[in-house]
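1. sequence isn't available, so here's the structure alone:
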DNA sequence: TATTGACTACCTAATGGTAGGTAGCTTACT
DNA sequence: AGTAAGCTACCTACCATTAGGTAGTCAATA
């Protein structure tokens, strides 16, 4: 019996690719580098994926799906308060920030947007849209249940919160201050308690 | 007499380099591309700058100086209210957003931070720090003069505002919605009017 | 024995950068 | 004033390296 969880080469490639893009961007991600980190030779990468772009597409799709699934679960759980759901939403941002040198994948891709292949652009676009809408939905939910209280439009707030998280990760890394994302999270939470 | 404002080749190189980085990132900026856009050949670029990295350094320095000077002027002008100074601060963000395909130079560089030469990292770091501090100073100033009113700590707010602007530019470009930065600006302004 | 997953060897294009040369303008000296 | 030296701003030609990607091979496995 093999107790180890076998991670397929394909998954390993995606893991390494994700990390590389989060650290240095898509255009700095090279097949050679991935190969070395995975422990195989460059052409073997192209056995698992037809091209570099295809790796990019797979990474972003998987990333996006992760968020969607995690939040779908959180929303489905009726025992969770909006505050708890919100906190769960912060989790990956907190995690990446803690690693200090990683930021949101789609934040990076948004930075090099104009040079991305069309297919990746589209997923990044969907990612941004989905997050805006999801936050808006959560705000609405929390407002109805009278746990969130805020003054501005849900749309403006959702835009600001998501943008602040994206920018916050960048700022935390540049300043080498992983705790900075907590400042952002504090500010977001306080904005939703503006009934004093 | 020559009425035309002569832009030196050196300045032209920096202009093109700035635009390219804002659109596609530092690692996508190539000497070949710059040369074509400036209208000279690749090796001539290296007559004006010793290396690609040196171009990067010069671009970021100039960019940072621009902000510092503009805000120094605005602060020195005593006829300007904090609201007006804040609005002036938003100007470049509005401008880049309007062009739809450009975002903040240092936002992009923050995205590819881990692959940047040390010298550029340092300036980007300074840039972020300067903006955080500058916003904090403005908030303090506006609070003292009782034109801004807000609930959270100045530090948290400054972090959130700056990060939101950075992220907002990314979001606006990805969503192809230049107006999105206005949502962010609205949310920021409203947060400073929380006395109702 | 057919398939899977890796390999070696190689290709073309593009990258940052170098070497060496040249037309045209300034400056300095006789 | 004429000319020689030197500088400026560009050029062509080239180099080593690396990029993504291809062709063909080989060994283990099911």
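-> All right, it came through fine. Since we're looking at a predicted model, the values are computed, not measured. Numbering: from 1, shown residues only, chains lettered A, B, ... in the order given.
2. so which residues on chain A come close to DNA strand C?
-> Proximity of chain A to DNA strand C (Cβ under 7 Å from any atom of the strand) is limited to residues A:9, A:35, A:40-44, A:47-48. Every C-beta, even on glycine, is put in place using the N, C-alpha and C of the backbone.
3. low-scoring stretches of chain A, by residue?
-> A:1-5, A:195-196 (pLDDT under 70).
4. could you pull out the helices for it?
-> Ranges of helices in chain A, per DSSP state H, are A:9-24, A:31-38, A:42-48, A:52-76, A:82-98, A:105-111, A:118-144, A:154-174, A:180-191.
5. for residue B:29, find the nearest of those helices.
-> Closest approach to residue B:29 among those is made by helix A:105-111 (12.9 Å; Cβ to Cβ).
6. what's next to the closest one, contact-wise?
-> A:18, A:21-22, A:25-26, A:59-60, A:63-64, A:116, A:120, A:124, A:127-128, A:166, A:169-170, B:25, B:103, B:107-108, B:110-112, B:167, B:170-171, B:173-174 (Cβ atoms under 8 Å, 6 or more residues apart in numbering or on different chains).
7. need the contact list for the residue nearest to the spatial centre of chain A.
-> Nearest residue to the geometric centre of chain A (Cα atoms, centre = their mean): residue A:104, 4.5 Å. Under the criterion of Cβ under 8 Å, 6+ apart, the neighbours of residue A:104 are A:22, A:93, A:96, A:165-166, A:169.
8. hang on, the earlier thing: now, of the residues of chain A next to DNA strand C, which are buried?
-> A:35, A:40, A:48 (16 or more other Cβ atoms under 10 Å in any protein chain shown).
9. wait, residue A:131 sits on residue A:161?
-> No. Contact criterion Cβ atoms under 8 Å: residue A:131 and residue A:161 do not qualify, at 9.2 Å.
10. please identify which of these two sits among more neighbours.
-> residue A:161 (28 against 25; other Cβ atoms under 10 Å in any protein chain shown).
11. the more buried one reaches residue A:188, doesn't it?
-> Yes. Under the criterion of Cβ under 8 Å, residue A:161 makes contact with residue A:188 at 5.2 Å.
12. how about the backbone phi and psi for the residue nearest to the centre of chain A?
-> Dihedral pair for residue A:104: phi -70, psi 130, per degrees, to the nearest 10.
13. what residues does residue A:115 make contact with?
-> By Cβ under 8 Å, 6+ apart, the contact list for residue A:115 reads A:27, B:23-25, B:28.
14. could you do residue A:18 as well?
-> By Cβ under 8 Å, 6+ apart, the contact set of residue A:18 is A:59, A:62-63, A:105.
15. make JSON lines from the residues you listed and add neighbour count to it.
-> JSON lines is the format used below for the contacts of residue A:18 (neighbours: other Cβ atoms under 10 Å in any protein chain shown):
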{"residue": "A:59", "neighbour count": "27"}
{"residue": "A:62", "neighbour count": "15"}
{"residue": "A:63", "neighbour count": "22"}
{"residue": "A:105", "neighbour count": "24"}
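16. hmm, back to that, got the residues of chain A next to DNA strand C as CSV, with distance to residue B:152 columns?
-> CSV is the format used below for the residues of chain A next to DNA strand C (distance: Cβ to Cβ, whole Å):
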residue, distance to residue B:152
A:9, 48
A:35, 48
A:40, 50
A:41, 53
A:42, 50
A:43, 54
A:44, 52
A:47, 53
A:48, 48
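17. between these, which is nearest DNA strand D?
-> residue A:43 (3.3 Å; Cβ to the nearest atom of the strand).
18. do you know how far that closest one is from residue A:35?
-> From residue A:43 over to residue A:35 the distance is 8 Å, taken as Cβ to Cβ, to the nearest Å.
19. can you check residue A:132 too?
-> To residue A:35, residue A:132 is 37 Å away according to Cβ to Cβ.
20. same check, this time on residue A:188
-> The value you get for residue A:188 to residue A:35, if Cβ to Cβ is used, is 40 Å.
21. for residue A:32, which non-adjacent residue is closest in space?
-> The shortest distance from residue A:32 to any non-neighbouring residue, by Cβ to Cβ, 6 or more residues apart in numbering or on different chains, is to residue A:42 (5.4 Å).
22. who's in contact with the one you found?
-> Counted by Cβ under 8 Å, 6+ apart, residue A:42 has contacts A:31-32, A:35.
23. over to residue A:154?
-> By Cβ under 8 Å, 6+ apart, residue A:154 lies in contact with A:136, A:139-140, A:143.
24. rerun that using 6 Å as the cut-off
-> Contact partners of residue A:154, counting by Cβ atoms under 6 Å, 6 or more residues apart in numbering or on different chains, are A:136, A:139.
25. which bits of chain A sit near chain B?
-> Counting by Cβ under 6 Å from any Cβ of the partner chain, the residues of chain A lying close to chain B are A:23-25, A:27-28, A:101, A:108, A:110-115, A:124-125, A:128, A:152, A:156, A:159-160, A:163-164, A:166-168, A:170-171, A:173-175, A:183-184, A:186-187, A:190.
26. quick check on these: which are buried?
-> A:23-25, A:27-28, A:108, A:110-115, A:124-125, A:128, A:152, A:156, A:159-160, A:163-164, A:166-168, A:170-171, A:173-175, A:183-184, A:186-187, A:190.
27. and residue A:145, backbone torsions?
-> Dihedral angles phi and psi of residue A:145 (degrees, to the nearest 10) take the values phi -80, psi 0.
28. how near is the closest residue to it other than its chain neighbours to residue B:190?
-> Sequence neighbours aside, residue A:82 is the residue nearest to residue A:145 in space, at 6.3 Å (criterion: Cβ to Cβ, 6+ apart). Residue A:82 sits at a distance of 21 Å from residue B:190 (criterion: Cβ to Cβ).
29. try residue A:63
-> From residue A:63 across to residue B:190, the span is 32 Å (Cβ to Cβ).
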